[in-house]
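>>> sequence plus predicted model, see below.
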Amino acid sequence: MRDGRWLIGMGVAGAIRGDNVKPSGARVRLDAHGIVTVETDMTDIGTGSYTILGQTAAEMPAVTIDKVVVKLGDSRFPEACGSLG
């Protein structure tokens, strides 16, 4: 399109955030001292995986967040689909 001497561009932008849903797993253990350990092979790329997994585990009756240990990123742990944005 023209506006006097100026060429004015018009365009369209597009994006997709695919739904990368696939089976995922985690191992959750409660030891004799009341410590809950959550293990899964995903990584935390800044999306808050440590935080949300810890908070979710702390929703168990009589478990506070300071009694939760989250371990991620070890291929010996159950497989997870990943940490996505």
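Here it is on my side, so go on.

>>> can you pull out the helices in this protein?
For the chain, the helices defined by DSSP state H cover 49-57.

>>> residue ranges with poor pLDDT in it?
Applying pLDDT under 70 to the chain flags the ranges 19-20, 84-85.

>>> and V63, how many neighbours?
15 (other C-beta atoms under 10 Å). Where C-beta positions appear, they are placed from N, C-alpha and C, glycine not excepted.

>>> what of S83?
18.

>>> ditto for E79
When neighbours are counted by other C-beta under 10 Å, E79 registers 14.

>>> spit out the contact partners of it.
23-25, 40-41 (C-beta atoms under 8 Å, 6 or more residues apart in numbering).

>>> pull out the buried members of those.
Buried members of the contacts of E79, scored by 16 or more other C-beta atoms under 10 Å, are 40-41.

>>> for W6, see how far away the spatially closest residue to T47 that is not a sequence neighbour is.
Leaving aside its sequence neighbours, T47 sits nearest to S83 (C-beta to C-beta, 6 or more residues apart in numbering; 4.9 Å). Remark: distance between S83 and W6 (C-beta to C-beta, to the nearest Å) = 46 Å.

>>> likewise G73?
Distance of G73 to W6, given as C-beta to C-beta: 53 Å.

>>> pick out whichever of those two has more residues nearby.
Using other C-beta under 10 Å as the criterion, G73 and W6 rank with G73 on top: 13 against 8.

>>> hmm, the more buried one is touching D41, no?
Yes: with contact defined as C-beta atoms under 8 Å, G73 counts as touching D41 (6.7 Å).

>>> so what sits against both of these two?
The contact sets of G73 and D41 do not overlap (C-beta under 8 Å, 6+ apart).

>>> tell me the contacts of the spatially closest residue to V28 that is not a sequence neighbour?
Once flanking residues are discounted, V28 sits nearest to V38: 5.3 Å by C-beta to C-beta, 6+ apart. Shown in contact with V38 (C-beta under 8 Å, 6+ apart): 26-28, 53-54, 57, 68-71.

>>> repeat that for 7 Å
26, 28, 53, 57, 68, 70-71 (C-beta atoms under 7 Å, 6 or more residues apart in numbering).
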